[in-house]
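Peer 1: Coordinates for the following, if possible.
(2 chains)
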Amino acid sequence: GQNIDQPTEMTATEGAIVQINCTYQTSGFNGLFWYQQHAGEAPTFLSYNVLDGLEEKGRFSSFLSRSKGYSYLLLKELQMKDSASYLCAVRDRNAGNMLTFGGGTRLMVKP
Amino acid sequence: EAGVTQFPSHSVIEKGQTVTLRCDPISGHDNLYWYRRVMGKEIKFLLHFVKESKQDESGMPNNRFLAERTGGTYSTLKVQPAELEDSGVYFCASSANRVMNTEAFFGQGTRLTVV
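Peer 2: Numbers count the residues shown, from 1 in each chain, chains lettered A, B, ... in the order given. Here you go, the predicted model:
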């Protein structure tokens, strides 16, 4: 089975930097995804990591350490519109390569 | 290009009734996935179609759930009879590649409430 943990809620200030952590346990790791989901909307793809290290994409970066079963999503220069849920999902080749999601982290950005 | 669309966006039904959810994937995407998020829990995989064939239905909770994808285009997910614990948000996703990767796109979901 798989176990994916991420904080339930986080609060940060507009303009600041926030790091959302995700830890996972899986037997056949084959990639980790971060999705953003605004209330009532579709989850939208943010990032994908399959090798160790940092992937940077504008204000968003994602880091992966396979040996530690750990990832984080880093959001810089926070904007009010970044208030959303952030979903960590792991793909496991021993589970048909389907995505298994964490419970999501609800981020509230305050002025 | 239209994204993944789901209908209805919301549905409220009584316990014991039947509900059918529909998903229209992105045109040309052979792979279609259903996921569900029960309140307070994580999004969970239900099943995967490749064209009209069920590739993996290991996540389907029980035989009250029936998914079809006749013709390999849109898909329906029928719940019959609905129970209270079926309430949640049902997401559909599609991808061109068999292995879900960066090209997977989600619909906005159908919020099902069983009362």
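Peer 1: Return the set of residues that bridge with the spatially most central residue of chain B.
Peer 2: The centre of chain B sits closest to B:W34, judged by Cα atoms, centre = their mean, with a distance of 3.4 Å. Note on B:W34: beta-bridge partners by DSSP bridges are B:L47, B:C92.
Peer 1: Show the model's pLDDT score for it.
Peer 2: pLDDT for B:W34: 95.
Peer 1: so who does it touch?
Peer 2: B:C23, B:F45, B:L46, B:L47, B:H48, B:A67, B:S75, B:L77, B:Y90, B:F91, B:C92 (Cβ atoms under 8 Å, 6 or more residues apart in numbering or on different chains). (Each C-beta comes from the backbone N, C-alpha and C, glycine too.)
Peer 1: Please apply the same query to B:K44.
Peer 2: Taking Cβ under 8 Å, 6+ apart, we find B:K44 in contact with A:T100, A:F101, B:Y35, B:R36, B:R37, B:V38, B:G59.
Peer 1: Give me the buried entries from these.
Peer 2: Among those, the ones that count as buried by 16 or more other Cβ atoms under 10 Å in any protein chain shown are A:T100, A:F101, B:Y35, B:R36, B:R37, B:G59.
Peer 1: Keep only those of the residues you listed that are in helices.
Peer 2: With helices taken from DSSP state H, there is no overlap with the buried ones among the contacts of B:K44.
Peer 1: Distance to A:K110 for those residues - can I get that in a markdown table?
Peer 2: Below are those laid out as a markdown table (distance: Cβ to Cβ, whole Å):
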| residue | distance to A:K110 |
| --- | --- |
| A:T100 | 31 |
| A:F101 | 26 |
| B:Y35 | 31 |
| B:R36 | 32 |
| B:R37 | 26 |
| B:G59 | 37 |
